[in-house]
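Novice: quick check, what structure comes out for this input:
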Amino acid sequence: MSQTIANVTLLVPDYDAGIAFYVGQLGFELLEDTKLSQTKRWVRVAPAGAETALLLAKADGAAQEAAIGNQTGGRVSFFLYTDDFARDYAAMQAKGVTFREAPRHEPYGSVAVFEDPFDNLWDLIEPA
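Specialist: Residues are numbered from 1 along each chain as shown. Below is the predicted model:
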């Protein structure tokens with residue numbers, strides 16, 4: 001049996017704001033943007049060639065709105081692997097991505113924490 005995690009839900013305050021950041025600033029591909037109702041869309045984004053996509057879900061109600069940016073209790077939520085840390089770090093900085101720290105070198109590779117506009121934390125990592 002073969003299994004794959006296809007999508008991971010990420011709460012956002014607005015679909016278009018999520019697309020603007022993940023596609024416009026990070027360079028992810030917009031895989032799908034299907035209108036399901038007057039207020040709900042099925043929006044999937046992912047780095048080129050990735051097996052797993054982010055499902056951008058517009059928060060619905062106060063409880064979901066309160067969880068935006070805190071879905072993991074303040075810990076890094078996502079790990080974006082790259083084959084060229086210096087290239088991607090420079091490109092992301094040029095597009096206005098906010099890094100919370102300077103790059104550092106760990107036994108597992110080069111890494112720096114960045115945030116999306118919704119306060120989710122990410123590691124940009126080039127494995128050693």
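
Novice: which residues touch the biggest helix by length in the chain?
Specialist: Looking across the chain with DSSP state H, the single longest helix is helix 85-94. Contacts of helix 85-94 with the rest of the structure, by CB atoms under 8 Å, 6 or more residues apart in numbering, involve 25-27, 82, 99, 103, 109-110, 112, 114, 124-126. Glycine gets a C-beta too; all of them are placed from N, C-alpha and C.

Novice: swap in stretch 119-128?
Specialist: 10, 68-72, 74-85, 88-89, 92, 100, 106-116.

Novice: and it, how far out from the chain middle?
Specialist: 10 Å (CA atoms, centre = their mean, to the nearest Å).

Novice: which stretches of the chain have low pLDDT?
Specialist: Regions of the chain meeting the criterion pLDDT under 70 are absent.

Novice: what is the nearest of the contacts of helix 85-94 to A53?
Specialist: Nearest to A53 among these, counting by CB to CB, is L26 at 13.0 Å.

Novice: so how far is Y15 from that closest one?
Specialist: 16 Å (CB to CB, to the nearest Å).

Novice: give the contact list for L54.
Specialist: 7-10, 22, 28, 44-46.

Novice: what's the ChimeraX syntax to select whichever of these are buried?
Specialist: A single ChimeraX command is used to select the members of the contacts of L54 judged buried by 16 or more other CB atoms under 10 Å:
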select :7,10,22,28,44,45,46
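
Novice: residue contacts, A57?
Specialist: 9-12, 43.
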